[in-house]
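Trainee: Test case, fold it:
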Amino acid sequence: MSDPQTELGELTIRRTFAARPEVVFECMTTPAHLTHFWGPLGMSTPLDRITVEPRPGGRFETVMVNDETGDEYPVNGVFMEFDPPRTFSFTEAGVDGGMMTKIVFNDLGDGRTETVTHQTNVPPMLMSPEAQAGLETSFVKFDAYLASL
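Mentor: Reported below is the predicted structural model:
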């Protein structure tokens, strides 16, 4: 019998953004852009706490800071794939089970991009409705940032 408190999950999230794949990809992989939207509402990710080494084997590291409490939430990933503007993936060995995130950028041909984010080995706390709601707010922040460019 499996235990939902310890069972690793899988997520697929599709989003459409009003920007070309090159722009969406660059924003998601460049610290000067990431600092404006990375993390849910109520969190900030200072520019000096973002490291992106854009190549397979390179680091993808961020530290989100809770604006109210100052609590920190690090992401320590290693790129497995880096193929602009089509896809990138990274693994987070420090997350139970080694969570893997892959994002594919699909050109819709009308100036919009569909992203398909697929995550495997997702810990239960990141599968919770609260975590998913937080993730949704980060997409809202990203939409607003893209509109400001």
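Trainee: counting contacts, what elements does the lowest-mean-pLDDT helix or strand in the chain pack onto?
Mentor: When the helices and strands of the chain are scored by mean pLDDT, DSSP states H and E, helix 124-127 comes last with a mean of 88. The contact analysis (3 or more Cβ pairs under 8 Å, 6 or more residues apart in numbering; DSSP states H and E) places helix 124-127 against strand 9-17. Glycine gets a C-beta too; all of them are placed from N, C-alpha and C.
Trainee: What pairs with the strand it packs on, parallel or antiparallel?
Mentor: Strand 9-17 pairs in its sheet with strand 113-122 (antiparallel), by DSSP bridges.
Trainee: Buried ones in the longest helix along the chain, by neighbour count?
Mentor: In the chain, taking DSSP state H as the definition, the longest helix is helix 129-148. Within helix 129-148, the residues that count as buried by 16 or more other Cβ atoms under 10 Å are Ala131, Gly134, Leu135, Ser138, Phe139, Lys141, Phe142, Asp143, Tyr145, Leu146.
Trainee: now stretch 118-132
Mentor: Within stretch 118-132, the residues scored as buried using 16+ other Cβ under 10 Å are Gln119, Thr120, Asn121, Val122, Pro123, Leu126, Met127, Ala131.
Trainee: got the end-to-end distance for it?
Mentor: For stretch 118-132, the first-to-last residue distance is 14 Å (Cα to Cα, to the nearest Å).
Trainee: Please apply the same query to stretch 105-117.
Mentor: 9 Å.
Trainee: still on that earlier bit, send me the least confident helix or strand of the chain as PDB with only the CA atoms.
Mentor: Output of helix 124-127 as PDB, limited to C-alpha atoms (Å, rounded to 0.1, in the frame of the first residue of the first chain):
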ATOM      1  CA  PRO A 124       4.100  15.500  -1.800                       C
ATOM      2  CA  MET A 125       4.500  19.000  -0.400                       C
ATOM      3  CA  LEU A 126       5.000  20.400  -3.900                       C
ATOM      4  CA  MET A 127       1.900  18.400  -5.100                       C
END
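Trainee: And for Glu105, the neighbour number?
Mentor: Careful, residue 105 is Phe; it's not Glu. Residues within reach of Phe105, counting by other Cβ atoms under 10 Å, total 22.
Trainee: ugh, wrong one, Asp67
Mentor: Residues near Asp67, counting by other Cβ under 10 Å, number 12.
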